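Enquirer: Mind folding the following:
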Amino acid sequence: MSRYQHAFPPTRKRQKYSAIFNNDEDKAKLAYNKDMEFRRFVQCYDIDNPTLFGWTLADFFKAYKKSGWQLSLTF
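Expert: Below is the predicted model:
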């Protein structure tokens, strides 16, 4: 008879939620909730540009995946 009885829950397989997120809008929402770097990118991306007011989260996600942080010098 063992002296210690372990009552740990059995290990579970991790579920893959990527099959649920088919389109870019859902992927962008998931990335915004999980990835702090992407959230910081959305909040700080060219604040003074008024044309970005019409961008959706999916547009920001495409820009983030395409280039990430990028310095642009315009005169």
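Enquirer: Spell out which residues sit in contact with the one residue sitting closest to the centre of the chain, please.
Expert: Residue closest to the mean C-alpha point of the chain, counted by CA atoms, centre = their mean, is residue 31 at 1.3 Å. Residue 31 makes contacts with 38, 61, 64, as judged by CB atoms under 8 Å, 6 or more residues apart in numbering. The C-beta positions use only the backbone N, C-alpha and C, and glycine is treated the same way.
Enquirer: Could you look up the SS state of it?
Expert: helix (DSSP: H, G, I helix; E, B strand; the rest coil).
Enquirer: helix or strand for residue 41, which one?
Expert: helix 36-44 (DSSP states H and E).
Enquirer: Output that helix as CSV - backbone C-alpha positions only.
Expert: In CSV, the C-alpha atoms belonging to helix 36-44 read as follows (Å, rounded to 0.1, in the frame of the first residue of the first chain):
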residue,chain,number,x,y,z
MET,A,36,0.3,42.3,-26.2
GLU,A,37,2.6,43.3,-29.0
PHE,A,38,-0.2,43.4,-31.5
ARG,A,39,-2.4,45.4,-29.0
ARG,A,40,0.4,47.9,-28.6
PHE,A,41,0.8,48.1,-32.3
VAL,A,42,-2.9,48.9,-32.8
GLN,A,43,-2.8,51.6,-30.1
CYS,A,44,0.3,53.3,-31.2
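Enquirer: For that helix, enumerate the helices and strands it packs against.
Expert: helix 24-34, helix 57-66 (3 or more CB pairs under 8 Å, 6 or more residues apart in numbering; DSSP states H and E).
Enquirer: Let me see the mean pLDDT of that helix.
Expert: Averaging pLDDT along helix 36-44 yields 90.
Enquirer: Please find the angle between the direction vectors of it and helix 57-66.
Expert: Counting by axes from the mean of the first three to the mean of the last three CA atoms, to 10 degrees, helix 36-44 lies at 120 degrees to helix 57-66.
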